[in-house]
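>>> test case, fold it:
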Amino acid sequence: MIVVERTFAVTAAPGAVLAYLQDFANAQEWDRSSVRTSRLDAGPIAPGAHWRHVRKLYGVTAELTYTLISSDPGRLVLHGRSEGATCVDTVFVRPVPGGTEVTYRVELEMHGLAKLATPLLRPELEKLAGAGVAVVTAALAGSTIRHRFGAPIAPNRLTAPLEETG
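Numbering: from 1, shown residues only. Below is the predicted model of the structure:
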């Protein structure tokens, strides 16, 4: 299993941060491995909502179905599943002076023959986590959400070290 966790600060309010991150379609902006992410159902985004997330790593395209498991004040849990992998994304937010502290934790477990790729994926997931923090920080700058993928990125104020197990 690969576990990657980052803690960083943004200037948006906790509610805006949760609203942005619970809509997994926004992963297309901050996950540089994302090819496309689309909602599979309709209606308000609430626990049970599903997304199709297509990503490409090392030239290999994989499709995961993500489900919003829980959306509570201060915490989101998303579960991604494909034939070759299971992924649990847990997001914690808490107000801090000047904005919100975000902790984003990804637990990725490969299945079957794909499990052999685990050591190769670790360095790439480290890079993606760092890039994702920079993009989310920029997207959540200010009191309202601004989608600025590709714009100059300001460095984040807090970054927790990568944690890996497995």
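
>>> distance from stretch 114-124 to the middle of the chain?
18 Å (C-alpha atoms, centre = their mean, to the nearest Å).

>>> quick one: buried residues of it?
114, 118, 121 (16 or more other C-beta atoms under 10 Å). In this view, the C-beta of every residue, glycine as well, is placed from N, C-alpha and C.

>>> show me what the lowest-mean-pLDDT helix or strand in the chain is packed against.
For the chain, the helix or strand with the lowest mean confidence is helix 118-139, at a mean of 79 (criterion: mean pLDDT, DSSP states H and E). Packing partners of helix 118-139 (3 or more C-beta pairs under 8 Å, 6 or more residues apart in numbering; DSSP states H and E): strand 2-10, helix 14-22, helix 27-30, strand 99-110.

>>> any regions of this protein where pLDDT drops low?
Judged against pLDDT under 70, the low-scoring parts of the chain cover residues 142-166.

>>> tell me how many other residues crowd residue 85.
Residues within reach of residue 85, counting by other C-beta atoms under 10 Å, total 20.

>>> for it, which non-adjacent residue is spatially closest?
Distances taken as C-beta to C-beta, 6 or more residues apart in numbering put residue 110 closest to residue 85, at 5.2 Å, once the chain neighbours are dropped.

>>> what of residue 57?
Of all residues beyond its chain neighbours, the one nearest residue 57 is residue 33 (5.2 Å), with distances taken as C-beta to C-beta, 6+ apart.

>>> what of residue 121?
On the basis of C-beta to C-beta, 6+ apart, the spatially nearest residue to residue 121 that is not a chain neighbour turns out to be residue 2, at 6.2 Å.

>>> what about the one you found, neighbour count?
Applying the criterion other C-beta under 10 Å, we find 22 residues in the vicinity of residue 2.

>>> right, I'll leave it there.
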